[in-house]
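Trainee: next comes the sequence, and after it the predicted model I'd like to discuss.
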Amino acid sequence: MSSSTVIRELQRDFEAKSNDLSKLQKDIAKNHQVRKKYTIQLGENELVLKELDILNEDANVYKLIGPVLVKQDLAEANANVRKRIEYISAELKRLDGNLQDLEEKQNSKKEAIFKLQERIQSLQAGKAKA
Amino acid sequence: MEGSAKKGTGTVTSLAEMFPAEDAQKAVKRVQEKVAEIQNELHRVRGFISDNSNLINLVQKLPEQLHHNIIVPFGKAAFFPGRLIHTNELMVLLGEGYYAERTSKQTVEILKRRGKVLESQVESLKAIMRDLKAETSFFDSTASEAAEGLLEITEDYVEENSTERESESGPPREDTPSFSEADKAKVSVEDEEYARIMSRLDELEKEELEAEDEKNKDDFNKLSDQKSFDTNLRYSEGYQSRELLEKTKDKKAATEEFLSKCDPQQDLNNQLNCMGLMVQSAPKDEKSHGKSLAHNVIKSSPPEKALMLPEVKENVQPVPLSRNEVPTQSSKPGFDAQKAFTGSIIERTHNTQINSSQESATSSQSPSSQPSKPVSRFKMQRR
């Protein structure tokens, strides 16, 4: 009787852990998506920066804010884009760190689940024999 | 299948066991999906490129006229006639909500730069595509092989004696090429034939060894001849240069030049000799290897033999090939090889002639050209 309760407990544990694992995997997928978005933005910003560098000093630059084009200083626009690139790079770095963390967690979870599975199986086999 | 393998030392596993056909096919499917994805992406980027080039054309044409009569869309359903003015002023979106006022010429430049970026994207996509295609073909072949019931045979290599041990320095375990069941059926028929081939091979090998011995002797003679020739030449040069040292300095420089020329030549000849020797010895090694393997097969038990045969056949195949080469080296055409050898010597003397003429030319440049003459005459005598 006691072995069956142990098995039940283990199975509950197993379910909880597998839920955690799937949550982690979802997080990782989300992380990938966000990272993709940021990489694209980084590329776009770098293109903009290149073009802004090529522009003459007296060129008129506008920024689209909502429905209106607001005139901007070229130097200001340049600085803004640079800041944005910096921000995106930092964000990408942060996401990378996060991802590594998540993957480590995922691996450890996987291992734990594997061990639990083995224990449950051996217990069930013992029960079947008895 | 497995039972017969257990009698021998090797193990037989069907490829399907290691890589189930369904799994391989699944892998193929997944890679193909990826390929399709990339194909779509490539299509998209190609569309961008064509859009971009169209836009470039349009922007180039716009400032050709002061104004264009156009139909202006108004809302979703309505259009009204309009007129495009300021044809040389464009607001270009640079990305991230930034716009810049540009002339059409400047705009074309921007667009061309964008085109370049797109081209590079296409290139990278193509590279990815190539990789994926290689992957697909690999998985595909694995799947088909597994489906055909190919077998992976691993066999311990049993060493026979010390000489063979020397020739076989590779790892004792080698993956034998897998073969299908149809081949196995043939094996018994091929057994007799195989024994015949082996005896013939042994004969041929003996002949060849004798021939090679002679040839090596010949080579050695040639080599020593040539060496003495070279040293003589050099010695004479050195002697003369010493003799003539007091006469001119130019002359000395010339001889030095000649000596330096002479050196690489000798090196070259030596290299040629070495290469010739190596070429001869290489097939020999191969043969002994094949032979040792053949011995293994003959001595081993019949079932093992049946298993091993395909492998041995693989190994033997190169031997007849090298055999084809060997007669050309050892027998009649073999003299061709030697002739080629003497040919190199002829070439060499030719070179020295050129060198000496060059030398005489260089020394004749110097005012005191007299000392150079005895040299060439001396050389003539040598020859």
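Mentor: Good, I have the coordinates.
Trainee: going by C-alpha atoms from here, please, whenever you check contacts or count neighbours.
Mentor: Noted.
Trainee: and the contacts of stretch B:55-69?
Mentor: B:81-88, B:104-105, B:107-108, B:111-112 (CA atoms under 8 Å, 6 or more residues apart in numbering or on different chains).
Trainee: hmm, which of those are the buried ones?
Mentor: B:87-88, B:104-105, B:107-108, B:111 (16 or more other CA atoms under 10 Å in any protein chain shown).
Trainee: quick one: which of the residues you listed is nearest B:L151?
Mentor: Closest approach between those and B:L151, by CA to CA: B:L111, at 58.0 Å.
Trainee: so which strand or helix has that closest one?
Mentor: helix B:104-148 (DSSP states H and E).
Trainee: that helix and chain A in contact?
Mentor: Yes: Helix B:104-148 comes into contact with chain A (CA under 8 Å from any CA of the partner chain), by way of B:I110.
Trainee: which elements pack onto that helix?
Mentor: For helix B:104-148, the elements it packs on are helix B:15-18, helix B:21-61, strand B:90-95, judged by 3 or more CA pairs under 8 Å, 6 or more residues apart in numbering or on different chains; DSSP states H and E.
Trainee: if we go to 6 Å?
Mentor: helix B:21-61 (3 or more CA pairs under 6 Å, 6 or more residues apart in numbering or on different chains; DSSP states H and E).
Trainee: now the helix it packs on: mean pLDDT?
Mentor: The average pLDDT within helix B:21-61 is 92.
Trainee: near chain A, which residues of the stretch 101-250 of chain B are found?
Mentor: B:E101 (CA under 6 Å from any CA of the partner chain).
Trainee: and the residue in the stretch 101-250 of chain B that chain A sits nearest to, what element?
Mentor: Closest to chain A within the stretch 101-250 of chain B is B:E101: 5.5 Å, counting by CA to the nearest CA. Taking DSSP H and E as the definition, B:E101 sits inside strand B:98-102.
Trainee: partner strands of that strand, parallel or antiparallel?
Mentor: Take DSSP bridges as the rule and strand B:98-102 pairs in its sheet with strand A:61-65 (antiparallel), strand B:90-95 (antiparallel).
Trainee: can you get me a residue count around B:I38?
Mentor: B:I38 sits with 17 neighbouring residues when counted by other CA atoms under 10 Å in any protein chain shown.
Trainee: then B:P63?
Mentor: 18.
Trainee: can you list the weak-confidence ranges in the chain?
Mentor: Since no chain was named, I'll use chain A. A:1, A:130 (pLDDT under 70).
Trainee: was after chain B, sorry
Mentor: Those would be B:1-9, B:160-190, B:214-383, if you go by pLDDT under 70 across chain B.
Trainee: try it again with 80
Mentor: B:1-21, B:146-147, B:149-152, B:154-156, B:158-193, B:210, B:212-383 (pLDDT under 80).
Trainee: pop the domain breakdown of it in here.
Mentor: Structural domains annotated on chain B: B:2-71+B:82-155, B:184-382, as defined by automatic domain parsing.
Trainee: CSV please, covering the strands paired with strand B:98-102 and showing mean neighbour count and distance to A:N31.
Mentor: Shown next, in CSV, are the strands paired with strand B:98-102 (neighbours: other CA atoms under 10 Å in any protein chain shown; distance: least, CA to CA, whole Å):
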stretch, mean neighbour count, distance to A:N31
strand A:61-65, 19, 28
strand B:90-95, 18, 24
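Trainee: need these in JSON lines with distance to B:I71, can you?
Mentor: Listed next are those as JSON lines, based on distance: least, CA to CA, whole Å:
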{"stretch": "strand A:61-65", "distance to B:I71": "26"}
{"stretch": "strand B:90-95", "distance to B:I71": "19"}
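Trainee: quick check: which of the ones you listed is nearest to A:G97?
Mentor: strand B:90-95 (28.4 Å).
Trainee: relative to helix B:21-61, how tilted is that closest one?
Mentor: Taking axes from the mean of the first three to the mean of the last three CA atoms, to 10 degrees, one finds that strand B:90-95 is oriented at 150 degrees with respect to helix B:21-61.
Trainee: how many other residues sit next to B:N54?
Mentor: For B:N54, using other CA under 10 Å, the count is 12.
Trainee: how near is it to chain A?
Mentor: 21 Å (CA to the nearest CA, to the nearest Å).
Trainee: pull up the gap between that residue and A:H32, please.
Mentor: As judged by CA to CA, to the nearest Å, B:N54 and A:H32 stand 35 Å apart.
Trainee: what of B:D140?
Mentor: 30 Å.
Trainee: which residues touch B:K29?
Mentor: By CA atoms under 6 Å, 6 or more residues apart in numbering or on different chains, no residues touch B:K29.
Trainee: hmm, 10 Å instead?
Mentor: B:23, B:35, B:136, B:139-140 (CA atoms under 10 Å, 6 or more residues apart in numbering or on different chains).
Trainee: and if you look at A:E44?
Mentor: A:38, A:50, A:85, B:94-96.
Trainee: pick the one among those residues closest to A:N107.
Mentor: A:Y38 (25.9 Å).
Trainee: pull out the C-alpha coordinates of stretch A:16-24 and format them as CSV.
Mentor: These are the backbone C-alpha positions of stretch A:16-24, laid out as CSV (Å, rounded to 0.1, in the frame of the first residue of the first chain):
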residue,chain,number,x,y,z
ALA,A,16,4.7,19.4,-11.8
LYS,A,17,8.3,19.1,-13.2
SER,A,18,7.2,18.5,-16.7
ASN,A,19,4.9,21.5,-16.5
ASP,A,20,7.9,23.5,-15.4
LEU,A,21,9.9,22.2,-18.2
SER,A,22,7.3,23.1,-20.8
LYS,A,23,7.0,26.6,-19.3
LEU,A,24,10.8,26.9,-19.6
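Trainee: list the buried residues for that stretch?
Mentor: Buried residues in stretch A:16-24 (16+ other CA under 10 Å): A:17-18, A:20-21, A:24.
Trainee: which residues touch that stretch?
Mentor: Residues outside stretch A:16-24 that contact it (CA under 10 Å, 6+ apart): A:10-15, A:25-30, A:102-103, A:105-110, A:112-113, A:116.
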